[in-house]
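J.: mind looking at a prediction? Sequence and model below.
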Amino acid sequence: MKSKDEKWALFWCKLLHPIIFGEVEREQTNQFLKDICRQDIVFPNGKRKRPCISTLRRKLNRYRKDGFQSLARKVRNDRGASRMVSREIIDKAIELKKEQPRRSDDTINRFLTEYYKKTIPKSTLYRHLKLAGATKLKLGVSQQKVRKRWTRDHTHDLWLGDFQEGPYVLVDGEALPTNLCLFIDCHSRYVVEGRYYLKQTLDIVIDSLIRAWTIHGSPKELYLDNAKVYISDALRAACCDIGINLMHRPPHDPAPGGLVERFFGTSQTQFEAEVRSGDIITLDALNQAFAAYLAVVYHERLHSETNQSPKQRYDEGLTVIRHVDMDAALAFFMKRIPRTVDKTFSDVRIDNRFYRVDPKLRGDKVEARYDPYGDLQKVFIYSANNEYLGSGNLYHRDQGAETPAVSPSKPKHNYIDLITQKHKAVLQARSKGIDYHQVLSARPWPFMAFVNKLALLMGRKGSFSAFLSHELESLKKCYNRTPTLNETLLTEAFQKASPKTLPYIIHALQTAYSKEVS
């Protein structure tokens with residue numbers, strides 16, 4: 001007996017229990033059944049109604065004759081068969097589907113209309129096609145992929161990386177959004193590198209990887225999203241040189257990134273929700289708090305899939321550390337630009353900057369290489385044959401500064417030493433993004449003044465401290481959407497807002513701005 005049928009049998013048995021087990025005298029049976037019929041009873045299908053006395057008598061007779069099993073609902077003799085469409089039409093539909101497995105229900109019904117002047121509802125058609133094994137899946141033409149979970153036997157066999165939008169932070173009086181760049185080890189679920197940045201660019205990916213490689217060594221495989229930010233010849237070349245199998249997620253197929261997405265969901269509910277509920281903080285404070293969350297909470301907590309903490313599984317699965325030559329790895333991320341050395345000034349021009357080089361190279365075609373994330377004070381000059389020719393220093397052409405000629409007998413292969421010495425300083429600077437320029441507001445009424453005025457109008461003490469993090473995010477977005485925002489417009493909107501809550505004030509402000517523009 002099926003579970004649904006068993007519920008119905010128990011329902012009738014419970015209803016007739018006093019009669020079945022002799023709690024009601026035989027001469028009182030009829031009166032007892034009439035009393036039941038006067039009651040509103042909830043049936044197993046959820047409907048509330050009064051049972052019919054003939055139904056009760058029929059169920060009682062069935063139980064006395066055939067027992068408990070007879071109280072279940074009877075199965076229709078024509079169960080599974082259509083009462084609206086003939087078998088001939090259904091067979092024709094199945095034939096049409098098997099003939100062309102990719103035919104849609106609309107196409108099949110067009111044939112049936114032509115042949116029989118009749119159609120089959122979509123759900124009914126699919127049910128009969130499934131019973132006949134005539135679906136795309138059963139016929140072997142389904143393009144649906146068979147999924148399997150990411151799994152590896154040891155730590156650092158596979159890393160997965162991705163970006164996720166983070167909370168707003170305070171930067172020079174501005175509320176700016178952040179992005180969490182994260183790399184996680186597949187075997188242990190240990191976060192090998194995770195940090196919030198103000199950008200979502202290739203240099204952020206490189207910065208995160210450099211940090212992870214420096215601390216943990218390299219993985220065997222690296223799996224990244226297919227977004228443009230992860231597509232780089234320099235990154236692929238560096239991975240090939242180190243011995244990392246670089247893989248990218250197929251386009252329009254987010255499912256393989258589920259392992260990283262699960263961590264993002266965990267961090268949003270356990271960490272970012274707490275950040276957003278308090279006062280807005282700086283980027284450094286956000287990263288310090290996130291590092292503490294990873295070390296104290298996430299890495300020490302039992303993981304539901306592995307039944308181990310990420311830290312414990314990381315240590316137990318660690319068999320080897322593949323050390324990375326960071327100097328060689330950084331060299332792959334140097335930007336390369338072909339240039340011709342100026343015959344008059346003996347310099348090369350890059351982004352309207354001039355770099356003085358060895359006068360012996362005047363008129364030669366060279367390749368200028370430089371770190372696009374550094375201070376751009378120096379470039380390195382190579383020949384077409386990849387021979388190092390020296391360096392070029394930034395100078396002002398109109399001042400006529402002279403650069404001593406490079407001695408031909410003295411080697412100039414020193415850019416690796418320079419990168420090694422500055423490596424730690426560069427990485428530390430990149431914790432706020434790699435050499436990004438803070439864009440200061442050029443609007444006549446700064447965001448800080450807008451926040452201060454609104455806090456004063458609402459009777460709140462302080463400026464940024466008067467609002468929570470999520471409130472500042474809403475104010476920043478409103479500020480960006482109203483370029484002509486001024487004190488008068490804000491005051492008028494505040495007076496019209498009722499009640500004087502932040503959502504109503506923002507709505508009134510946007511309405512006033514729309515009228516002003518139109």
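T.: Looks like it arrived, so ask away. A quick note: this is a predicted structure, and the numbers were derived from the prediction, not measured.
J.: ranges for the strands of the stretch 1-150 of the chain?
T.: 41-42, 48-49 (DSSP state E, counting those that start in this stretch).
J.: brain fart, the stretch 351-500 of the chain
T.: Under DSSP E, counting those that start in this stretch, the stretch 351-500 of the chain gives strands at 353-356, 365-370, 378-382, 388-395.
J.: which residues sit in contact with residue 344?
T.: Going by C-beta atoms under 8 Å, 6 or more residues apart in numbering, residue 344 touches residue 362. (Glycine included, C-beta is placed from N, CA and C.)
J.: tell me the spacing between it and residue 397.
T.: 10 Å (C-beta to C-beta, to the nearest Å).
J.: next one: residue 359
T.: In terms of C-beta to C-beta, residue 359 sits 14 Å off from residue 397.
J.: and stretch 445-453, how far out from the chain middle?
T.: 33 Å (C-alpha atoms, centre = their mean, to the nearest Å).
J.: so what touches that stretch?
T.: 173-175, 441, 463-464, 466-467, 472, 475-476, 479, 485-487, 490-491.
J.: which among those residues end up buried?
T.: Buried subset of the contacts of stretch 445-453 (neighbour count, 16 or more other C-beta atoms under 10 Å): 174, 175, 463, 464, 466, 467, 472, 475, 476, 479, 485, 490.
J.: what's the closest non-adjacent residue to the third one?
T.: I take that to be residue 463. residue 452 (4.7 Å; C-beta to C-beta, 6 or more residues apart in numbering).
J.: rewinding a little: quickly compare the strands of the stretch 1-150 of the chain and say which is most buried.
T.: strand 41-42 (a mean of 12; mean count of other C-beta atoms under 10 Å).
J.: partner strands of that one and their direction?
T.: strand 48-49 (antiparallel) (DSSP bridges).
J.: so residue 261 touches residue 162, yeah?
T.: Yes. With contact defined as C-beta atoms under 8 Å, residue 261 reaches residue 162; the gap is 7.5 Å.
J.: same list (the strands of the stretch 1-150 of the chain) but as CSV, adding distance to residue 102 and mean pLDDT.
T.: Formatted as CSV, the strands of the stretch 1-150 of the chain follow (distance: least, C-beta to C-beta, whole Å; pLDDT from 0 to 100):
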stretch, distance to residue 102, mean pLDDT
strand 41-42, 47, 90
strand 48-49, 47, 90
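J.: mean confidence for the helix or strand harbouring residue 212?
T.: For residue 212, the host element (DSSP states H and E) is helix 202-216. Averaging pLDDT along helix 202-216 yields 87.
J.: which elements pack onto it?
T.: strand 158-165, strand 179-185, strand 191-197, helix 233-242, helix 326-331, helix 415-429 (3 or more C-beta pairs under 8 Å, 6 or more residues apart in numbering; DSSP states H and E).
J.: contacts for the second one next, please.
T.: So that's strand 179-185. Here strand 179-185 has contacts from 155-156, 158-166, 190-200, 204-205, 207-209, 212, 219, 259-260, 263-264, 267, 290, 310, 314, using C-beta under 8 Å, 6+ apart.
J.: mind doing that once more with 6 Å?
T.: 155, 159-161, 163-164, 166, 191-197, 200, 204, 208, 212, 260, 263 (C-beta atoms under 6 Å, 6 or more residues apart in numbering).
J.: closest to residue 119 out of the strands of the stretch 1-150 of the chain?
T.: Smallest distance to residue 119 across those (C-beta to C-beta): 35.5 Å, for strand 48-49.
J.: centre of the chain to that closest one, how far?
T.: For strand 48-49, the distance to the chain centre is 48 Å (C-alpha atoms, centre = their mean).
J.: repeat that for stretch 315-324.
T.: 28 Å.
J.: quick check: end-to-end length of it?
T.: End-to-end distance for stretch 315-324, by C-alpha to C-alpha, to the nearest Å: 20 Å.
J.: who touches that stretch?
T.: 154, 155, 187, 188, 213, 217, 218, 242.
J.: tell me the mean pLDDT for stretch 113-129?
T.: 89.
J.: right, I mislabeled it, should have said stretch 378-396
T.: Rounded mean pLDDT across stretch 378-396 is 88.
J.: same question, stretch 221-228
T.: For stretch 221-228, the mean pLDDT works out to 82.
J.: who's in contact with it?
T.: Outside stretch 221-228, the residues touching it (C-beta under 6 Å, 6+ apart) are 158-162, 230, 244-249, 251.
J.: pull the most distant pair out of those.
T.: Farthest pair in the contacts of stretch 221-228, by C-beta to C-beta: 244 and 251, 21.8 Å.
J.: which one of the two has more residues nearby?
T.: residue 244 (21 against 7; other C-beta atoms under 10 Å).
J.: which residues does that one contact?
T.: Residue 244 touches 218, 222, counting by C-beta under 6 Å, 6+ apart.
J.: from residue 223, how far out is it?
T.: 11 Å.
J.: how about residue 457?
T.: 51 Å.
J.: neighbour count for the two, which is higher?
T.: Per other C-beta under 10 Å, whichever of residue 457 and residue 223 has more neighbours is residue 223, with 22 against 17.
J.: surely residue 128 meets residue 90?
T.: Yes. Contact criterion C-beta atoms under 6 Å: residue 128 and residue 90 qualify, at 5.1 Å.
J.: quick one: the helices in the stretch 351-500 of the chain, in order.
T.: Along the stretch 351-500 of the chain, the segments classed as helices by DSSP state H, counting those that start in this stretch run 415-429, 447-457, 469-481, 487-496.
J.: average pLDDT for the longest one?
T.: Mean per-residue pLDDT for helix 415-429: 58.
J.: tell me how the protein divides into domains.
T.: 3-71, 158-317, 334-409, 447-517 (automatic domain parsing).
J.: deepest in the core, which of these is it.
T.: domain 158-317 (a mean of 18).
J.: just the buried positions in stretch 126-146, please.
T.: 128, 129, 132, 134.
J.: and the residues you listed, which is closest to residue 10?
T.: Distances from residue 10 to the buried residues of stretch 126-146, taken by C-beta to C-beta, are shortest for residue 128, at 33.1 Å.
J.: what residues are up against that closest one?
T.: residue 90.
J.: for residue 381, see how far away residue 375 is.
T.: 18 Å.
J.: revised request: answer the last question for residue 10.
T.: Taking C-beta to C-beta, one finds residue 10 at 89 Å from residue 381.
J.: residue 364 now?
T.: 9 Å.
J.: again with residue 348
T.: Where residue 381 is concerned, residue 348 sits at a distance of 7 Å (C-beta to C-beta).
J.: flag the shaky bits of this structure, pLDDT-wise.
T.: Along the chain, the model assigns pLDDT under 70 to residues 1, 73-83, 141-150, 229, 251-258, 373-374, 399-442.
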